[in-house]
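>>> what's the 3D shape of this:
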Amino acid sequence: MGVNISARLIAATWVAALIGCAVGPNFHRPAPPKDADYGSAVARNTTAAAPGTGGNPQQFITTMDIPGQWWELFQSPKLTALVQQALKGNPNIDAARASLRQANDLYNAQRASLFPTVQGSFSALRAKNPTETLANPTSLPQVNPYYNLFTAQLALSYMPDVFGGTRRSLEVSRAQLEATRFEFIATYVTLTTNVVNTAVQESALRGEITVTKRLLALQHQLTDTVQRQRSIGTASNGDLLQQQSLEAQTAATLPPLQKRLGQSRDALTALLGRLPAQEPVETFQLQELTLPGELPATLPSKLIEQRPDVRQAEETLHMASAQVGVALTDMLPQFPITADTGSAALEIGKLFSPYTGFWDIGASLTQVLFDGGALIYRHRAAEDALDQAGAQYRATVILACQNVADTLRALQADADALEASTAADHAAEASFDLAQQQYRNGSMSLVGLLNAEQTYQQAEIGLVQAQASRYADTAGLFQALGGGWWNLPEATFQ
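Take a look at the predicted model:
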């Protein structure tokens, strides 16, 4: 009869714990920004155009989604292949995936706290009774003071979640799991963007090196021309020294470019998860990349759903909210339940025989009566942490919108800069060709020719840099808008 009453008590407590309300604030996702756009960041829906590499106009479309593999929009099979290699070989991806598995295992471990704990034990004891005692502890004739005692036992312990503290702790663990997932996604997006940007940087450096070598060859030809003119008396030693100085200055710019190219290749190799000796065979030129003509301009209200850093900050806020509930339940009474059942016998063969069984069941109430205010201050600290997480979330949203606005401005400025650089380059090239003709027929001084040559050199390098900026900032926009991870298979981030 006692067992049935106790079982009913446990069942009633279990039901009460399951249907009870959890104390503390219930988390609600922050409201999305109400802004309809990014203000003056998009001055026009279509950028300027220019002839040549990377000069096509780009249109901003607010309803456009980002493909999961957005790097394919550059239409470079080599680039796509390297991104896939990076995703398979980069150790940061492996570390992020392992961290996600760990968070998932910890969450599953936390879920076990909702259920009772049952432990089984077996003990064997060899003992000796005091021979001079008046009472025999075994209630047997005092024939032999030595005896054995064998005990097999099951012990149950359970803490009913009356005030929801366990559920709040599980809520914290679940939010931690989701925060880790978004950290993994951020690692994924950052890696793919870095591979694209490094390839663009390599392309730009190769372009600058090509321009510098071509200009160096032209300057060397001019140096030979001035030397011949000096030999026949139509040019002075000063003229020759000026031309040689300009040629040497141009030659001096080549080693730093080559160094940066080598470092870019090392960076690309590292992104692939390889050592420097395993440098990829693929190389890149700007002419091999296609500049996407349509770009997304996701609204702020949708941006917070797509940015992994914003989603991670949201889960951090969720954790802080649940921790307030955990701190509050620590201040409330606890109702542990324990139960034991088993068998004890002096001979192992008699275990579980009649009259060897035992059981007990009980419940208790514990309440902290005095701790110097520690629990109160822990609860206040949890509320302070919630305020901090809320402020950090708002800061993350602001930064995300700023990133998008900055990139949109950059793309429009890049297009304008490329248009101007293209015009300047064409003008400088025509001016330099004319200057060379005039110098040969004697109608222009060497100083005028050198000035035209320097202008052309600067225009050529500026053109390459302007072209590269459009590609790099286009990749930056895809990253700023979240990287399209939501369009990838769900198993990608498991």
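>>> what packs against the helix or strand that contains Thr166?
In this assignment (DSSP states H and E), Thr166 forms part of helix 165-231. Of the remaining helices and strands, those touching helix 165-231 by 3 or more CB pairs under 8 Å, 6 or more residues apart in numbering; DSSP states H and E are helix 77-89, helix 91-111, helix 237-252, helix 254-271, helix 308-329, helix 446-480. Backbone N, C-alpha and C define where each C-beta goes, glycine included.
>>> any chance of those in TSV, plus mean pLDDT and distance to Thr180?
Rendered in TSV, the data for these read as follows (pLDDT from 0 to 100; distance: least, CB to CB, whole Å):
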stretch	mean pLDDT	distance to Thr180
helix 77-89	97	18
helix 91-111	96	4
helix 237-252	89	50
helix 254-271	97	22
helix 308-329	97	9
helix 446-480	90	20
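>>> single out the most deeply packed of these.
Neighbour counts averaged per stretch over those are highest for helix 308-329, at a mean of 23; criterion: mean count of other CB atoms under 10 Å.
>>> spatially nearest residue to the most centrally placed residue in the chain, not counting backbone neighbours?
The structure's the chain has its C-alpha centroid closest to Ala186; by CA atoms, centre = their mean the separation is 2.4 Å. Of all residues beyond its chain neighbours, the one nearest Ala186 is Pro308 (4.1 Å), with distances taken as CB to CB, 6 or more residues apart in numbering.
>>> same deal with Leu170?
Spatially, and ignoring its direct neighbours in sequence, Leu170 is nearest to Gln110 (5.2 Å; CB to CB, 6+ apart).
>>> got it, and Gln392?
Leaving aside its sequence neighbours, Gln392 is closest to Ala313 (6.0 Å, by CB to CB, 6+ apart).
>>> in this structure the one you found contacts Tyr393, no?
Yes - using CB atoms under 8 Å, Ala313 makes contact with Tyr393 at a distance of 4.5 Å.
>>> and Leu303, which helix or strand is it part of?
For Leu303, the host element (DSSP H and E) is helix 300-306.
>>> report the mean per-residue pLDDT for that helix.
Along helix 300-306, the predicted confidence averages to a pLDDT of 95.
>>> which residues are contacting that helix?
Outside helix 300-306, the residues within contact range by CB atoms under 8 Å, 6 or more residues apart in numbering are 32-35, 37-38, 66, 298, 310-311, 314, 397, 400-401, 404, 481-483, 485-486.
>>> list buried residues within these.
For those, a burial check counting by 16 or more other CB atoms under 10 Å picks out 33, 38, 66, 298, 310-311, 314, 397, 400-401, 404, 481-483, 485.
>>> contacts only, for Thr316.
Taking CB under 8 Å, 6+ apart, we find Thr316 in contact with Ala175, Ala179, Ala389, Gln392, Tyr393.
>>> if we can go back for a sec, which of the buried ones among the contacts of helix 300-306 sits closest to Pro354?
Nearest to Pro354 among the buried ones among the contacts of helix 300-306: Glu314, at 62.0 Å, using CB to CB.
>>> so the closest one sits against Phe27, correct?
No - taking CB under 8 Å as the definition, Glu314 is not a contact partner of Phe27, at 9.4 Å.
>>> who touches both of these two?
With CB under 8 Å, 6+ apart as the test, Glu314 and Phe27 reach no residue in common.
>>> from the chain's centroid, how far away is the helix or strand containing Phe358?
Using DSSP H and E, Phe358 sits within strand 357-363. Put simply, strand 357-363 sits 52 Å off its chain's centre (CA atoms, centre = their mean, to the nearest Å).
>>> what does stretch 278-287 give?
The chain centroid and the centroid of stretch 278-287 are separated by 26 Å, computed with CA atoms, centre = their mean.
>>> just the C-alpha atoms of that stretch, please, in CSV.
Provided in CSV are the C-alpha atoms of stretch 278-287 (Å, rounded to 0.1, in the frame of the first residue of the first chain):
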residue,chain,number,x,y,z
GLN,A,278,51.6,22.7,-51.7
GLU,A,279,50.7,25.9,-53.5
PRO,A,280,47.8,25.4,-56.0
VAL,A,281,48.6,25.4,-59.7
GLU,A,282,45.6,27.7,-60.4
THR,A,283,46.4,31.3,-61.1
PHE,A,284,44.1,34.2,-61.7
GLN,A,285,43.8,37.2,-64.0
LEU,A,286,41.0,39.9,-63.8
GLN,A,287,40.1,39.2,-67.4
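>>> list the buried residues of that stretch.
Going by neighbour count (16+ other CB under 10 Å), the buried part of stretch 278-287 is Pro280, Phe284, Leu286.
>>> what does stretch 350-370 give?
Of all the residues in stretch 350-370, those buried under the rule 16+ other CB under 10 Å are Leu351, Thr356, Ile361.
>>> next one, pLDDT for the last one please.
At Ile361, the pLDDT value in this model is 94.
>>> how near is it to Val211?
Noted for Ile361: a distance of 87 Å to Val211, by CB to CB, to the nearest Å.
>>> with Leu434 instead?
Computed as CB to CB, the Leu434 to Val211 distance reads 20 Å.
>>> neighbour count: the two, which is higher?
Neighbours were tallied for Leu434 and for Val211 using other CB atoms under 10 Å; the higher tally belongs to Val211 (20 against 12).
>>> that older thread, so which of the buried ones among the contacts of helix 300-306 are in helices?
Helix and strand membership here follows DSSP state H; of these, those in helices are Val310, Arg311, Glu314, Val397, Ala400, Cys401, Val404.
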